[in-house]
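S.K.: Okay, predicted coordinates and the sequence, questions at the end:
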Amino acid sequence: MTARFETLRYEVDGGLARLTLNRPEQRNGMTNRMVREAREALELAATDQTLRVLVLTGAGSSFCPGADLNHFTSGEADERLTSPDFQVTTLLHEIPAVTVAAVNGACAGAGMGWALACDLRLMTAGAKMNTAFLDVAVAGDMAIPWSLPRLVGAARARDLSFLPRRIDAAEALQIGLVARVFPDDTFHADVEDVLAALLAKSPTALLGLKQHYVMAERMGLRDFVDYEAERHLRIARSEHTAEAFRAFVEKRPPRFT
């Protein structure tokens with residue numbers, strides 16, 4: 001299934017959704033229309049029960065450097081955003097599918113906010129990140145003050161926000177900002193390997209674990225343990241778990257239906 005948008009591509013095949021920011025001539029700089037279309041695409045993903053994984057990336061050699069400042073200073077008409085449009089970060093973080101940001105180039109400002117909202121971040125060795133908002137005299141949007149401290153700690157998050165600078169891939173990996181860094185020339189193949197590894201997992205267990213992480217952020221420990229235990233016992237009785245146990249004993253890959 002392919003949904004048609006002006007500023008991005010949204011394609012679904014075999015449990016995998018690909019959300020590609022698609023303004024390569026502008027390095028995938030963000031416009032109001034892109035924000036609205038991203039929300040609409042992610043709302044489709046949130047209700048698609050066939051999805052297990054969603055990957056967010058950019059067309060060409062850039063992920064998203066934040067707002068397209070040339071666009072916003074040109075006087076060109078653009079759509080007005082409403083409060084629900086800014087929930088792109090919430091959708092990336094909370095939709096049932098596991099979300100993966102494939103950071104294939106420049107990633108800054110609101111683009112960085114979208115990447116940080118995902119469950120996993122994979123980065124090409126030549127890419128750089130930057131909170132960037134104060135450099136253009138805005139406090140920012142897309143929830144970096146919520147997500148960044150959870151990834152790198154409160155003190156470092158404030159340093160990266162109040163004193164913006166470019167963070168290369170090596171540092172991003174070292175401080176826990178990204179999960180994995182891959183060489184530029186093999187990045188796309190390496191990302192596909194990660195996506196294939198996720199898709200090979202039991203859908204029941206994979207989506208269950210994603211939901212556990214979402215709920216753990218909302219609950220105290222005692223309540224979460226009760227919630228987790230009930231779901232764990234239910235999943236452990238599933239045919240997927242039985243098949244995984246058989247496959248382990250028989251030393252073969254599991255076959256999930």
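M.R.: All right, it came through fine.

S.K.: Over to T99. Which of the three states is it?
M.R.: strand (DSSP: H, G, I helix; E, B strand; the rest coil).

S.K.: residues touching it, list them.
M.R.: Applying C-beta atoms under 8 Å, 6 or more residues apart in numbering to T99 gives the contacts V53, L54, V55, L56, L92, H93, A117, C118, D119, L120. Every C-beta, even on glycine, is put in place using the N, C-alpha and C of the backbone.

S.K.: Next step: those restricted to helices.
M.R.: Filtering the contacts of T99 for membership in helices, criterion DSSP state H, returns L92, H93, A117.

S.K.: residues in contact with the residue nearest the centre of the chain?
M.R.: Of all residues in the chain, the one closest to the mean position by C-alpha atoms, centre = their mean is C118, 2.6 Å from it. For C118, the contact set (C-beta under 8 Å, 6+ apart) comprises L56, L92, H93, T99, V100, A101.

S.K.: mind checking how far the first one is from D226?
M.R.: Meaning L56. According to C-beta to C-beta, to the nearest Å, L56 and D226 sit 33 Å apart.

S.K.: quick one, which of these two is more surrounded?
M.R.: L56 (28 against 11; other C-beta atoms under 10 Å).

S.K.: State the distance from that one to T89.
M.R.: The value you get for L56 to T89, if C-beta to C-beta is used, is 11 Å.

S.K.: same deal with R252?
M.R.: Distance, R252 to T89, using C-beta to C-beta: 40 Å.

S.K.: got it, and G60?
M.R.: The gap separating G60 from T89 is 23 Å, by C-beta to C-beta.

S.K.: Spatially nearest residue to S238 (excluding sequence neighbours)?
M.R.: Excluding the flanking residues, the one nearest S238 by C-beta to C-beta, 6 or more residues apart in numbering is T204, at 5.2 Å.

S.K.: what about the one you found, neighbour count?
M.R.: By the criterion of other C-beta under 10 Å, T204 has 16 neighbours.

S.K.: tell me which element it is part of?
M.R.: helix 203-216 (DSSP states H and E).

S.K.: Do I have it right that W114 meets T90?
M.R.: No - between W114 and T90 there is no contact under C-beta atoms under 8 Å: 11.1 Å.

S.K.: Those two: who's more crowded?
M.R.: Using other C-beta under 10 Å as the criterion, W114 and T90 rank with W114 on top: 30 against 16.

S.K.: Which helix or which strand is home to the more buried one?
M.R.: Per DSSP H and E, W114 falls inside helix 109-117.

S.K.: List the contacts of that helix.
M.R.: Identification of contacts with helix 109-117 by C-beta under 8 Å, 6+ apart yields 21, 28, 30, 35, 38, 56, 63-67, 88-90, 92-93, 99, 101, 103, 107, 121, 129-133, 136, 140-144, 147-148, 151, 177.

S.K.: among those, which are in strands?
M.R.: Taking DSSP state E, the ones among these that sit in strands are L21, L56, T99, A101, V103, C107, R121, M129, N130.

S.K.: M112 versus P65, what's the distance?
M.R.: P65 is 9 Å from M112, where distance means C-beta to C-beta.

S.K.: Please apply the same query to Q174.
M.R.: In this view, Q174 and M112 are 17 Å apart by C-beta to C-beta.

S.K.: All set, thanks.
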